[in-house]
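Student: Kindly generate the corresponding structure for this input.
(chains A and B)
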Amino acid sequence: MGHLQKILIVDDKAENLFALRQILSETKAEIIEAPKGNDALIASLNHEFAVAILDVQMPEMSGYELAECLRKDKKTRHLPLIFLSAVFSDEYHIFKGYEVGAVDFIAKPFDPRILIGKVNIFLQLDRQRDLLRNARDELELRVLERTAELQIAYSAQEQHSAQLKAMNQELQEFAFIASHDLQEPLRKIQTFGNMLVRKHKESFNPEGRDYMERMIKAANRMSELLRSLLDYSRTGTSFLNCEHVSLTEVARDAASDLEILIKKAKGSVEISDMPTVDADATLMRQLFQNFIGNSIKYRKESEPPSVKIYGRIEDGTCQVMIEDNGIGFDECYSHKIFKPFERLHGKNTRYSGTGMGLAICKKIVNRHGGKITVRSIPEQGTTFCVSLPIEQEKGA
Amino acid sequence: MMGRQNPSFIVLMADDDEDDCLFVESAFQEMDIAHDLHFVGDGRELLDYLYNNGDFADPEKYPKPNLILLDLHMPRVDGLEALAIIKSDSQLKNIPVLILTTSREEQDIALAEQAGASSFLTKPGVFEDLTDMLEKFCTAIQHNPNVPFEVIGC
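Tutor: Numbering: from 1, shown residues only, chains lettered A, B, ... in the order given. As a prediction, the model looks like this:
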């Protein structure tokens, strides 16, 4: 703490001021004298005082009146005051009503050691207050600095996340364009193969015909895969159009979309009442379609497929269960089934497909900010659990 | 290009893809419809043909079609641009236009319908399907040129 502390002494008698200055000289503080209350007020405007020593009995403005003025000023409101007086009358009690800061009283004639002792205490207090103020300023500065740092870090992160988002979008669009444009030449391979079989079948021997059929089959398979990829990337790029959606209704719609498939498998789909959530209705319908389709496809040969769909609000999120009695799978493959093109069954089994159905489900749920988990026991059945937020942020 | 038969159903196909032109030509050969098939490579040529401009000046050689098969993605003037011009011309707007494209995008379908296309056919990968779809559509518009808009082959 660098600066010199200052003491204000106010007395109408020059000899008293002189005496005070002598006594206080050992404090090493700078002494500012004021012979009148007005001079003291002016001095208080120009200086920062650590303590003021006021004579009570002064003409024009008494020490108490001066104290009152000092207390009214914001700058001097907390200035510690020491009153010097031969008598402390009732005025002292009147003044007490205004008492705010540190105040002390010394009766005249006084022992200089007592005055020095009291002044030193106030000087000490002032030093400590100063230290405290410095520490607080320092702290404030650090907080500001840290806040600025955090803001920079945050905006860098924001930028990073925006970049990631843009890259992701680009990738999705790439998948979309690629799968779309690859369909075109493939369709020609299919059609020409088709025409070849149709018009020139006779010019091939059985081996040639076999090759031809295998080629067409492979082309058809590729077309299926591309179409799935297109569906998958479309799920990621389309605008999420959220509204209040009754999950019961969309699940029913999805089941009726698959009516023929369900009937053919002699299956049943039981849909219980489910909550209404903010979601994209088209995507929700697709979600239930894929789940129901999945359950029907992976049914046991020994019993008709049965799908139960139910849901409720739990801990602020909507939990939807899709439960079947199908062939199930070993849960060690749980992480695989939601990946695009991942399949747990060979191409030539009766469980044909492109391995995109559940990948699309996961993407739909992810895009709604939800989660998807699965429990399964081989030969007993599978239960998918989808948790969805009840509300969506606007413009998500 | 086919030799003309009389009385014939004149079809004009606008597509820059030669393979697709070949598929459609083969499909028409298998159909039981007397037809006269013409080809142009893009929207610009399609309009030149319809207005008998430039190379297509001879109306005998390039008669007004009874049906236009229109690809969406073509160089210079694309399908939708050409369609808009056709539908804004009182002389041409009654010619049925079948969109024949690889696209199955909702947006393309919606735009085609708004622009006044008769129907929207997504090119199939199976030749027999193409023949069936085209035959069905041609038979329908021969009976009634104002068939309700339909998405075929999706």
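Student: Grab the nearest non-local neighbour of B:Ala112.
Tutor: B:Ile99 (4.7 Å; C-beta to C-beta, 6 or more residues apart in numbering or on different chains). All C-beta atoms are positioned from the backbone trio N, CA, C, and that covers glycine.
Student: beta partners of that neighbour?
Tutor: Per DSSP bridges, the residues bridged to B:Ile99 are B:Leu70, B:Phe120.
Student: how far away is it from chain A?
Tutor: Between B:Ile99 and chain A the computed distance is 16 Å (C-beta to the nearest C-beta, to the nearest Å).
Student: In contact with that residue: list those residues for me.
Tutor: Contacts for B:Ile99 were tallied using C-beta atoms under 8 Å, 6 or more residues apart in numbering or on different chains; they are B:Leu70, B:Asp71, B:Leu72, B:Gly79, B:Leu83, B:Asp108, B:Ala112, B:Ala117, B:Ser119, B:Phe120, B:Leu121.
Student: Now with 7 Å, please.
Tutor: B:Leu70, B:Leu72, B:Gly79, B:Ala112, B:Ala117, B:Phe120, B:Leu121 (C-beta atoms under 7 Å, 6 or more residues apart in numbering or on different chains).
Student: cool, A:Asn241 as well?
Tutor: For A:Asn241, the contact set (C-beta under 7 Å, 6+ apart) comprises A:Asp280.
Student: What ranges does the stretch 101-250 of chain A have for its helices?
Tutor: Taking DSSP state H, counting those that start in this stretch as the criterion, the stretch 101-250 of chain A contains helices spanning A:112-200, A:206-237, A:247-257.
Student: mean pLDDT lowest for which of these?
Tutor: Set side by side, these give their lowest mean pLDDT on helix A:206-237, at a mean of 85.
Student: hmm, back to that, distance check, the residue nearest to B:Ala112 against A:Arg187.
Tutor: Going from B:Ile99 to A:Arg187 by C-beta to C-beta, to the nearest Å gives 16 Å.
Student: where are the low-confidence patches of chain B?
Tutor: Low-confidence segments of chain B, defined by pLDDT under 70, span residues B:1-7, B:154.
Student: Grab the nearest non-local neighbour of B:His38.
Tutor: B:His38 sits nearest to B:Leu12 (C-beta to C-beta, 6+ apart), 4.7 Å away.
Student: Identify all contacting residues around the host helix or strand of that neighbour.
Tutor: Using DSSP states H and E, B:Leu12 sits in strand B:9-14. Residues outside strand B:9-14 that contact it (C-beta under 7 Å, 6+ apart): B:21, B:24, B:33-40, B:42-43, B:46, B:49, B:63, B:65-71, B:74, B:82, B:138, B:142.
Student: which of the residues you listed are buried?
Tutor: B:21, B:24, B:35-40, B:42-43, B:46, B:49, B:63, B:65-71, B:74, B:82, B:138 (16 or more other C-beta atoms under 10 Å in any protein chain shown).
Student: Of these, which belong to helices?
Tutor: Judged by DSSP state H, the subset of the buried ones among the contacts of strand B:9-14 located in helices is B:Cys21, B:Val24, B:Gly43, B:Leu46, B:Tyr49, B:Ala82, B:Cys138.
Student: and the fifth one, how far is that from chain A?
Tutor: This points to B:Tyr49. Counting by C-beta to the nearest C-beta - B:Tyr49 and chain A are separated by 25 Å.
Student: show me the residues around the residue of the stretch 151-300 of chain A found nearest chain B that make contact.
Tutor: Proximity to chain B, evaluated over the stretch 151-300 of chain A using C-beta to the nearest C-beta, is greatest for A:Gln190 at 3.6 Å. Residues counted as contacts of A:Gln190 (C-beta under 7 Å, 6+ apart) are A:Ile216, A:Ala219, A:Asn220, A:Ser223, B:Gly125, B:Val126.
Student: Tell me if I'm right that A:Ile337 and A:Leu358 touch.
Tutor: Yes: between A:Ile337 and A:Leu358 there is a contact under C-beta atoms under 7 Å: 5.2 Å.
Student: Which of the residues in stretch A:57-74 are classified as buried?
Tutor: By 16+ other C-beta under 10 Å, the buried positions in stretch A:57-74 come out as A:57-58, A:61-71.
Student: which one of those residues sits closest to chain B?
Tutor: For those, the minimum distance to chain B (C-beta to the nearest C-beta) is 77.4 Å, reached by A:Arg71.
Student: Which secondary structure elements does the helix or strand encompassing the closest one sit against?
Tutor: Per DSSP H and E: A:Arg71 is located in helix A:63-72. Under the contact criterion of 3 or more C-beta pairs under 7 Å, 6 or more residues apart in numbering or on different chains; DSSP states H and E, helix A:63-72 touches helix A:37-46, strand A:51-55, helix A:91-96.
Student: Deepest-packed of the ones you listed, please.
Tutor: Greatest average neighbour count among the helices and strands packed on helix A:63-72 goes to strand A:51-55 (a mean of 25), per mean count of other C-beta atoms under 10 Å in any protein chain shown.
Student: what are the pairing partners of that strand, and which direction each?
Tutor: Sheet pairing here is set by DSSP bridges, and for strand A:51-55 it gives strand A:6-10 (parallel), strand A:81-85 (parallel).
Student: quick one: the last one to helix A:112-200, angle?
Tutor: Strand A:81-85 and helix A:112-200 meet at an angle of 170 degrees, taking axes from the mean of the first three to the mean of the last three C-alpha atoms, to 10 degrees as the criterion.
Student: which other residues reach strand A:81-85?
Tutor: Counting by C-beta under 7 Å, 6+ apart, A:51-57, A:63, A:67, A:103-108, A:110, A:118 sit against strand A:81-85.
Student: swap in the first one?
Tutor: Taking contacts as C-beta under 7 Å, 6+ apart, the residues outside strand A:6-10 that touch it are A:17, A:20-21, A:24, A:27, A:29-34, A:37, A:40, A:43-44, A:47-55, A:66, A:119.
Student: quick check: domain ranges of chain A?
Tutor: Using automatic domain parsing, the domain ranges for chain A come out as A:6-110, A:240-396.
Student: before we move on, back to that, for the record, mean pLDDT for the helix holding A:Arg71?
Tutor: Mean predicted confidence for helix A:63-72 is 86.
Student: mind checking how far that helix is from the chain centre?
Tutor: Average the C-alpha atoms of helix A:63-72, do the same for its chain, and the two points are 53 Å apart (C-alpha atoms, centre = their mean, to the nearest Å).
Student: and the direction of it versus that of helix A:37-46, what angle?
Tutor: Going by the same axes, to 10 degrees, helix A:63-72 makes 30 degrees with helix A:37-46.
Student: Alpha carbons of helix A:63-72, in CSV - could you do that?
Tutor: Extracted C-alpha coordinates of helix A:63-72, given in CSV (Å, rounded to 0.1, in the frame of the first residue of the first chain):
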residue,chain,number,x,y,z
GLY,A,63,-17.9,19.6,15.6
TYR,A,64,-21.2,17.7,15.7
GLU,A,65,-22.7,19.8,12.9
LEU,A,66,-19.6,19.3,10.8
ALA,A,67,-19.9,15.5,11.5
GLU,A,68,-23.5,15.6,10.3
CYS,A,69,-22.4,17.3,7.1
LEU,A,70,-19.6,14.7,6.6
ARG,A,71,-22.0,11.9,7.1
LYS,A,72,-24.4,13.2,4.5
